[in-house]
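>>> what shape does this take:
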Amino acid sequence: MEEKEYLNRLVEIMSEMLHEQKITNIRLDNVTERLEKVETQLTKTNAGIGELRLSVMRFADEIKIVHDHDNRINLLKRKVFA
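Next up is the predicted model:
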């Protein structure tokens, strides 16, 4: 092969590599965009979980209060009806 053919082949290879690089960059941009959406959704999900956790804790406190009232009522019943 002559030098000109080598150079032409090198230019072809570089052109193909550039094209593949552009495709790869487009794919990476798409993946990055999707990842940003997932991160945004994860932030919202974590906030929702935090709210649910707080609600469950408040509910548990209320159950404890009801349980304490039930114990007091039973104690009073035993003393009144004893």
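>>> count of neighbours near residue 17?
Per other Cβ atoms under 10 Å, the neighbour tally for residue 17 reads 10. For the C-beta atoms, the positions are set from N, CA and C on the backbone; glycine is no exception.
>>> what does residue 81 show for phi and psi?
Backbone torsions for residue 81, taken as degrees, to the nearest 10, come to phi -100, psi 10.
>>> can you tell me how far residue 75 is from residue 69?
From residue 75 across to residue 69, the span is 11 Å (Cβ to Cβ, to the nearest Å).
>>> next one: the helix or strand where residue 34 lies to chain centre, how far?
Using DSSP states H and E, residue 34 falls within helix 3-80. Counting by Cα atoms, centre = their mean, to the nearest Å, helix 3-80 is centred 0 Å from the centre of its parent chain.
>>> so which elements touch that helix?
Of the remaining helices and strands, none touches helix 3-80 by 3 or more Cβ pairs under 8 Å, 6 or more residues apart in numbering; DSSP states H and E.
>>> middle-most residue in this protein, spatially?
Per Cα atoms, centre = their mean, the C-alpha nearest to the average position across the chain is that of residue 42, at 2.6 Å.
>>> show the pLDDT at that residue.
With respect to pLDDT, residue 42 scores 98.
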